[in-house]
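S.K.: Sequence and computational prediction follow.
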Amino acid sequence: MAFQANGIEIELTRGDITQQDDIDAIVNAANAELRIGGGVAGAIHRAAGPELEAETAPLAPIKPGEAVMTSAPNLPNRHIIHCLGPVYGVDEPADTLLANCYRGALDLAEEAGLESVAFPAISTGAFGFPMERAAEVASRAVLAKTGELESVRRVRWVLFSDEDRMLHEGVFESIFNA
């Protein structure tokens, strides 16, 4: 499913974030040390290989809400944007920190002149952020940024399951079609 906002295409799909060969930058739901972990971070680091950890080590640690960018070794993308989402119930204000991840990633993509970015559902796995609330925060943050974007023309969410994709579709319909 796709939405339009200020000339930016917003897409939702179920899939593997490491297999987005038509996207300039994928976003890693990173840990503070920017190392291999579980979930999205584990999948990206395994696909990218040890070159990625060597590149991220000097950039760590990062704080909740922060984003940094590296190359994307062994992946079909030009870059990986690493965002540390908030741990729900620990890092506050959680909504603001989560929104900062999406805004920061788009800022880095824009600064690099990238045309497309793919996000996972940041903080919704081991970090415990409720999926529906995270979708609301993420979609509102991206919608607010669309009027400022010049190079980024496409934003994609790559979601783990059909249930996650359908939940995001419902939330996005209410926000992007309001």
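M.R.: Arrived safely, thanks for sending.
S.K.: So what's the gap between the lowest-mean-pLDDT helix or strand in the chain and the chain middle?
M.R.: Here the helix or strand of the chain ranked lowest by mean pLDDT, DSSP states H and E is strand 2-5, holding a mean of 89. Here the centre of mass of C-alpha atoms in strand 2-5, compared against the chain's by CA atoms, centre = their mean, to the nearest Å, lies 17 Å away.
S.K.: ok, now stretch 30-40?
M.R.: The answer for stretch 30-40 is 13 Å, by CA atoms, centre = their mean.
S.K.: Ok, stretch 82-98 next?
M.R.: Counting by CA atoms, centre = their mean, stretch 82-98 comes out at 13 Å from the chain centroid.
S.K.: what distance separates the start and the end of it?
M.R.: 13 Å (CA to CA, to the nearest Å).
S.K.: average model confidence for it?
M.R.: Mean pLDDT, stretch 82-98: 97.
S.K.: Now it: buried residues?
M.R.: For stretch 82-98, burial by neighbour count (16 or more other CB atoms under 10 Å) applies to His82, Cys83, Leu84, Gly85, Pro86, Val87, Tyr88, Asp91, Ala94, Asp95, Leu97, Leu98. Yep, even glycine has a C-beta here, placed from its N, CA and C like the rest.
S.K.: ok so, going back, and the least confident helix or strand of the chain, which strands flank it?
M.R.: In the sheet, strand 2-5 lines up against strand 8-14 (antiparallel) (DSSP bridges).
S.K.: which helices and strands sit right next to the host helix or strand of His168?
M.R.: Under the criterion of DSSP states H and E, His168 resides in helix 162-176. Contacts defined by 3 or more CB pairs under 8 Å, 6 or more residues apart in numbering; DSSP states H and E place helix 162-176 against strand 2-5, strand 8-14, helix 131-146, strand 154-159.
S.K.: Could you export the third one as CSV, CA atoms only?
M.R.: Extracted as CSV, the C-alpha positions of helix 131-146 are listed here (Å, rounded to 0.1, in the frame of the first residue of the first chain):
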residue,chain,number,x,y,z
MET,A,131,3.2,-1.3,17.7
GLU,A,132,0.1,0.9,17.1
ARG,A,133,1.4,3.8,19.2
ALA,A,134,4.8,3.4,17.4
ALA,A,135,3.1,3.5,14.0
GLU,A,136,1.2,6.7,15.0
VAL,A,137,4.4,8.4,16.3
ALA,A,138,6.4,7.4,13.2
SER,A,139,3.8,8.3,10.6
ARG,A,140,3.2,11.8,12.2
ALA,A,141,7.0,12.4,12.4
VAL,A,142,7.5,11.5,8.8
LEU,A,143,4.4,13.4,7.6
ALA,A,144,5.7,16.5,9.4
LYS,A,145,9.0,16.2,7.6
THR,A,146,7.7,15.6,4.1
